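Student: A predicted structure for the sequence below; I have some questions about it.
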Amino acid sequence: MEKKITIFTDGAAKGNPGKGGFGVVISYEDKVLELGGYKDHTTNNEMELKAVIEALKAVFVKKIPVAIYTDSKYVVEGAKGWIFGWAKNGWKTKAETDVLNKELWQELLPLLSKVEIEWHKVPGHVGIIGNERADTIASDLAEGKKVILYNGTRTAYELNIDDTSYDEAKAKDRSDARKRQGQKAYSYVSLVG
């Protein structure tokens, strides 16, 4: 079995736009490295992208295949497909508008060719330990909290990030809740005489 570097990424913005942070957990053999960053005025999508960029910058020199776990559909679909069309089209969308977060996509593009990447779009907040830790780092940094980032052995790391299984019921509940958010709201007023 070919060894892979496992990466969990997440981004957060409080206000969207607002104060933001990104979190990364990188695992390879007996090493674990956490990364994080903060930006004063940003969006969630910017921070999701920044997390992947910083993770790939940290690992591409090893030339070892990478598995990236993210809850960002925007990042996965963008990195696997849209980015190549945008680059050919002068960083314009099909509608001829400027690509949002163009500078970050331009920074990501050359990194995509430096290492073999296996993308995993995972549901957020369903118990995937590495993703939950990346989310905590991102959210805490966005809230201005001090975060101690780990850099050391996997044996001393307190979380079992090898387990990428998740709670199917939580995933379904979150999916159902998102569907309900898109539905028309009704309100009823009861008058008691």
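Tutor: Cool, the structure landed. All figures in this text were calculated on a predicted structure; none of them were measured in a lab.

Student: separation between Asp40 and Gly15?
Tutor: Distance check for Asp40 against Gly15: by Cβ to Cβ, to the nearest Å, it reads 11 Å. No exception for glycine: its C-beta is placed from N, CA and C like everyone else's.

Student: Which one of these two is surrounded by more residues?
Tutor: More crowded of Asp40 and Gly15, by other Cβ atoms under 10 Å: Gly15, with 12 against 8.

Student: in stretch 91-106, what counts as buried?
Tutor: 99, 101, 104-105 (16 or more other Cβ atoms under 10 Å).

Student: In those residues, find the pair that's most separated.
Tutor: Using Cβ to Cβ, these span at most 9.7 Å, a distance reached by Val99 and Leu104.

Student: what mean pLDDT does the longest helix anywhere in the chain have?
Tutor: Ranked by residue count and defined by DSSP state H, the top helix of the chain is helix 44-59. Helix 44-59 shows a mean pLDDT of 98.

Student: Next, the contact list for Trp86, please.
Tutor: Contact partners of Trp86, counting by Cβ atoms under 8 Å, 6 or more residues apart in numbering, are 92-93, 99, 102, 105.

Student: what do you get if the cut-off is 6 Å, keeping everything else the same?
Tutor: For Trp86, the contact set (Cβ atoms under 6 Å, 6 or more residues apart in numbering) comprises Val99.

Student: Look at it and tell me its secondary structure.
Tutor: With DSSP: H, G, I helix; E, B strand; the rest coil as the basis, Trp86 sits in helix.
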